[in-house]
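Engineer: I would like the atomic coordinates for the input below:
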Amino acid sequence: MTHENDTGRKNAARRAFLKAGAAAGALGAAAAARAALPGHAPKAGSAVDPMSATEPFFGDHQGGIVTPQQSHTYAAAFDLTTAKRADVIQLLREWTDAAARMTRGESARPVQASDDTPPADSGEALELGPAGLTITFGFGPGLFTHEGKDRYGLAARRPAALIDLPRFNGDQLLPEKSGGDLFVQACANDQQVAFHAVRQLARMGYGAIQMRWGQAGFVSGPRGKTPRNLMGFKDGTNNPAASDPASMAQFVWAGAEGPAWMERGTYTVVRRIRITLEHWDRMQLGFQEQVVGRHKLSGAPIGKQGEFDPVDLEALDKDGNPAIPENSHVRLSNPGSNDGMRLLRRAYSYNDGTNFYIERWPPWRQETEFDAGLLFIAHQRDPRTAFVPINDKLAKFDMMNQFTTHVGSAIFACPPGAKPGSFIGADLFDA
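Structural biologist: Predicted coordinates for the structure are as follows:
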């Protein structure tokens, strides 16, 4: 009996040891995988593990816009339910303080010792580290006017560039995935850290806001290389260089042409684009490349060798036709086709499982399919001269439309970064 018990204890100990080793190996592999993603090079003097990376919250610009892209995001929009301007200011103050704490890897609020109140922080991100977390805030049109009313005395301060987005050809927008008065985007090198941040901000707003929509996203790719979307093509090759201040000043940061409270901020368009992967996956490789306008493996423009080779819109194939088709995505979205205008794309893929879906293009199948696609996020100086004309052209002529459907849409004014001791958007409220 004693021998059997000893053997049992030894086996249990051995199993525990093996499990611990396997867990450690899995964590190490996960850390190594995260470290290999673009934009995840460790900070000088920091540990190799990207979970230890930190991004500053305070500064001239908000984080999460030109920050090297982290591997995960959780984006959410909220509707304001309070009628009091003071409530909005107080919420933004609390959000700013909590965001600054969480980007340092701390809890959203100081942890209290009492057992008689709800925890100050839900706790699921404790000990995970800052993970390169950035939190970006934006203001939707509904903050300025709601149902024709100026509920917070801000209507006169609404930027002209914060337009109501038009309905584009083929849009099948769902109200529960569109719009919003306040926008929060958390990006991190860990999925749980990103979701935790939005969750804490949401719970702080009980009584003043309610959730309108939320969307998780991910991006993967070898370090230093352009990531691929779910269609298998490199996504973001033609982005303006986020590291170039002159380019960002020209295309991304709002200037003196708008209200002073938006200078050094940006206008962010968010579109939830469903991709019919089942349809796309049955297309021949050559046709896929014609749709996109690039070679799938290399990412190079059709007819070129390197991903970053310039797109030649004048090049002809052996039959005298445009080498890059006239209705390809690359041609229609290229700056050469849009008066030189550019967007800063910071998109993420999403996969929300499956649901029943009806295609709007032939073969008009009706079946249970992947609910997956692209969370398109684009920053720009003025959407009236950037996103709207570019997307209007794409919505009408892009061959890719037979595989994609825009089901969510929103626009936000993302003000400049907050100053220590102040709060995000303080200049809007003159507070």
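
Engineer: Got the confidence number for Glu278?
Structural biologist: Note for Glu278: predicted pLDDT of 93.

Engineer: Using the three-state scheme, assign it.
Structural biologist: Look at Glu278: counting by DSSP: H, G, I helix; E, B strand; the rest coil, its state is helix.

Engineer: And Gly336, by the same measure?
Structural biologist: Of the three states, Gly336 takes helix under three-state DSSP.

Engineer: Contact partners for the closest residue to it other than its chain neighbours?
Structural biologist: Spatial nearest neighbour of Gly336, excluding adjacent residues (Cβ to Cβ, 6 or more residues apart in numbering): Leu313 at 5.2 Å. All C-beta spots, glycine's among them, are computed from the backbone N, C-alpha and C. Leu313 is in contact with 322, 324, 331, 334, 336-337, counting by Cβ atoms under 8 Å, 6 or more residues apart in numbering.

Engineer: again, but for Thr81
Structural biologist: 207-210.

Engineer: Quick check: what element follows the helix or strand bottoming out on mean pLDDT in the chain along the chain?
Structural biologist: Within the chain, no helix or strand scores below helix 2-35, which has a mean of 38 by mean pLDDT, DSSP states H and E. Downstream of helix 2-35, the next assigned helix or strand under DSSP states H and E is strand 72-80.

Engineer: Give me the sheet partners of that next one and which way each runs.
Structural biologist: Strand pairing for strand 72-80, determined by DSSP bridges: strand 182-188 (antiparallel), strand 209-218 (antiparallel).

Engineer: Identify whichever of these lies nearest to Arg272.
Structural biologist: Arg272 lies closest to strand 209-218 among the strands paired with strand 72-80, at 6.3 Å (Cβ to Cβ).

Engineer: Which pLDDT does the model give the residue nearest to Gly336?
Structural biologist: pLDDT for Leu313: 96.

Engineer: for Gly221, same thing?
Structural biologist: Per-residue pLDDT puts Gly221 at 84.

Engineer: cool, Gln112 as well?
Structural biologist: For Gln112, the pLDDT comes out at 75.

Engineer: what about it, neighbour count?
Structural biologist: For Gln112, the neighbour count with other Cβ atoms under 10 Å is 12.

Engineer: Equivalent analysis for Lys84, please.
Structural biologist: When neighbours are counted by other Cβ under 10 Å, Lys84 registers 12.

Engineer: how far away is it from Gln90?
Structural biologist: Using Cβ to Cβ, to the nearest Å, we find Lys84 at a distance of 9 Å from Gln90.

Engineer: And for Met211?
Structural biologist: In terms of Cβ to Cβ, Met211 sits 19 Å off from Gln90.

Engineer: could you dump the strands paired with strand 72-80 to a markdown table with mean pLDDT, distance to His406 and mean neighbour count?
Structural biologist: Formatted as a markdown table, the strands paired with strand 72-80 follow (pLDDT from 0 to 100; distance: least, Cβ to Cβ, whole Å; neighbours: other Cβ atoms under 10 Å):
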| stretch | mean pLDDT | distance to His406 | mean neighbour count |
| --- | --- | --- | --- |
| strand 182-188 | 98 | 18 | 28 |
| strand 209-218 | 98 | 14 | 18 |
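
Engineer: sorry, back to before: nearest to Thr354 among the contacts of Leu313?
Structural biologist: Here the nearest of the contacts of Leu313 to Thr354, counting by Cβ to Cβ, is Arg331; it sits at 33.2 Å.

Engineer: Would you agree the closest one is in contact with Pro325?
Structural biologist: Yes. Using Cβ atoms under 8 Å, Arg331 is in contact with Pro325, at 6.7 Å.

Engineer: Run through the protein and note the low-pLDDT ranges.
Structural biologist: 1-48, 113, 431 (pLDDT under 70).

Engineer: Please enumerate the strands of it.
Structural biologist: Using DSSP state E, the strands of the chain run over 72-80, 134-139, 182-188, 209-218, 266-275, 344-345, 348-358, 366-380, 404-414.

Engineer: so which of the ones you listed is the most packed in?
Structural biologist: strand 182-188 (a mean of 28; mean count of other Cβ atoms under 10 Å).

Engineer: how far off strand 348-358 does that one point, in degrees?
Structural biologist: Interaxial angle of strand 182-188 relative to strand 348-358 (axes from the mean of the first three to the mean of the last three Cα atoms, to 10 degrees): 120 degrees.

Engineer: before we move on, back to that, comparing Arg331 and Pro325, which residue is more hemmed in?
Structural biologist: Per other Cβ under 10 Å, whichever of Arg331 and Pro325 has more neighbours is Arg331, with 23 against 19.

Engineer: Next, count neighbours for the nearest residue to the more buried one once chain neighbours are set aside.
Structural biologist: Spatial nearest neighbour of Arg331, excluding adjacent residues (Cβ to Cβ, 6+ apart): Ile324 at 5.0 Å. Using other Cβ under 10 Å, Ile324 has 27 neighbouring residues.

Engineer: do you know how far Ile324 is from Gly293?
Structural biologist: Ile324 is 5 Å from Gly293, by Cβ to Cβ.

Engineer: Quick check: neighbours shared by the two?
Structural biologist: Residues touching both Ile324 and Gly293 (Cβ under 8 Å, 6+ apart): 301-302, 311, 330-331.

Engineer: Make a markdown table out of the residues you listed and add distance to Arg151.
Structural biologist: Formatted as a markdown table, the shared contacts of Ile324 and Gly293 follow (distance: Cβ to Cβ, whole Å):
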| residue | distance to Arg151 |
| --- | --- |
| Pro301 | 49 |
| Ile302 | 52 |
| Val311 | 47 |
| Val330 | 44 |
| Arg331 | 44 |
